[in-house]
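Peer 1: Predicted model and sequence below, questions to follow.
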Amino acid sequence: MSIARVLTVLLLSVVLLAGCGARSTHRAAPYVREVDAVAGNLDSVTNDLYTPSDASSAASELVTLQAALRKAATGLAAITPPPSVRADHERLVKAVAALARGVTPLIAQLRAGNVQGADAAFSLKAAGEARRAIAAIRAAGYEIEVPLLG
């Protein structure tokens, strides 16, 4: 897998989480606005990233992305969700934090110049869990729009 492909796949997984613009069918719009604010910060960071041409540059970009994911997880954790989505919101927080942690071995492999090792270290499991949590929140009536998932 090329460096550009590794970073592209990771960025796509983050974009799935980042664009949480929303309208709620509930009167709990403050929750949606709080999630929007956190997602907007993550989205702005991902928009500033570029596709690197070498392993070292890719590692640097991923360090920036990892910091944004950690900040998003902290921001989401600070939100008090409505009782009907509390468990799903907590799943989302855990998934975003896990995605941030999951970048660590990828960064280490890229810093060592091991693109093949970076490929082996990469997993989208946390992104899948985040998508499932978002889907459950949407099913509860909090219409969070997530790019690429429709």
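Peer 2: Sure, I can see it. Numbering: from 1, shown residues only.
Peer 1: what ranges do the helices span in the chain?
Peer 2: 3-18, 29-48, 55-77, 86-111, 115-121, 125-139 (DSSP state H).
Peer 1: Next up, the contacts around Ala112.
Peer 2: Ala112 sits next to Ala55 when contact means CB atoms under 8 Å, 6 or more residues apart in numbering. (Each C-beta comes from the backbone N, C-alpha and C, glycine too.)
Peer 1: Quick check: the gap between it and Ser56.
Peer 2: 10 Å (CB to CB, to the nearest Å).
Peer 1: same thing with Ala72?
Peer 2: For Ala72, the distance to Ser56 - CB to CB - is 25 Å.
Peer 1: Which one's more surrounded, the two?
Peer 2: The neighbour count for Ala72 versus Ser56, taken as other CB atoms under 10 Å, is higher for Ala72 (27 against 13).
Peer 1: Just the pLDDT at the more buried one, thanks.
Peer 2: Predicted confidence (pLDDT) at Ala72: the value is 89.
Peer 1: and the nearest residue to it once chain neighbours are set aside, how many neighbours?
Peer 2: Among residues not flanking Ala72 along the chain, Leu42 sits closest, at 4.4 Å (CB to CB, 6 or more residues apart in numbering). Each residue near Leu42 was counted by other CB under 10 Å, and the total is 24.
Peer 1: these two touch, right, Leu42 and Ala73?
Peer 2: No - applying CB atoms under 8 Å, one finds Leu42 not in contact with Ala73, separated by 9.7 Å.
Peer 1: Run through the protein and note the low-pLDDT ranges.
Peer 2: The chain contains residues with pLDDT under 70 at 1-28, 46-50, 119-123, 144-150.
Peer 1: Disregarding residues adjacent in the polypeptide, which is nearest to Glu129?
Peer 2: Using CB to CB, 6+ apart, the closest residue to Glu129 is Ala95 (4.1 Å).
Peer 1: Surely the one you found and Ala133 touch.
Peer 2: Yes - judged on CB under 8 Å, Ala95 makes contact with Ala133 at a distance of 6.0 Å.
Peer 1: Show the backbone phi and psi for the residue lying closest to Ser60 once chain neighbours are set aside.
Peer 2: Among residues not flanking Ser60 along the chain, Pro52 sits closest, at 7.4 Å (CB to CB, 6+ apart). Main-chain torsions, Pro52, degrees, to the nearest 10: phi -70, psi 160.
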